[in-house]
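Student: Next comes the sequence, and after it the predicted model I'd like to discuss.
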Amino acid sequence: MRWGETFDGVGVAETVLAVLVLALGVVTLFLAETAAAEVLLAMFMGSILLMLMVELADHAGVFRGAVAHR
């Protein structure tokens, strides 16, 4: 959620997703020298793209079915 936005379920879901992406990034960083590093990095990069798609869809008004943010 951003400052000035009303409380909604999509904003909470975005915040939870952002925290999960951050946690995956931290785990990826700590396990950088392991055999699973490449897979974790690919998952982290994919989760960043997922977060971007969700944010852009919300900004475009896809989830609310209303007028897009201005």
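Tutor: Alright, I've got the coordinates.
Student: Stretch 39-58: how far from the chain's middle?
Tutor: Averaged C-alpha coordinates place stretch 39-58 at 6 Å from its chain's average position (CA atoms, centre = their mean, to the nearest Å).
Student: Other residues contacting it?
Tutor: Here stretch 39-58 makes contact (CB atoms under 8 Å, 6 or more residues apart in numbering) with 10-11, 13-14, 17-18, 20-21, 24-25, 27-28, 31, 63-64. Placement of C-beta: from N, CA and C, glycine included.
Student: let's go with 10 Å and repeat that
Tutor: With contact meaning CB atoms under 10 Å, 6 or more residues apart in numbering, stretch 39-58 is reached by 8, 10-11, 13-14, 17-18, 20-32, 34, 36, 62-64, 68-69.
Student: are any of those buried, and which?
Tutor: Taking 16 or more other CB atoms under 10 Å as the criterion, what is buried in those is 14, 21, 24, 25, 28, 63.
Student: Identify those among those residues that sit within helices.
Tutor: Under the assignment DSSP state H, the buried ones among the contacts of stretch 39-58 contribute 14, 21, 24, 25, 28 to helices.
Student: CSV please, covering the residues you listed and showing pLDDT and distance to residue 40.
Tutor: Below are those laid out as CSV (pLDDT from 0 to 100; distance: CB to CB, whole Å):
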residue, pLDDT, distance to residue 40
14, 87, 23
21, 95, 13
24, 95, 8
25, 94, 9
28, 94, 4
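Student: Which members of the buried ones among the contacts of stretch 39-58 are the farthest-apart pair?
Tutor: 28 and 63 (28.1 Å; CB to CB).
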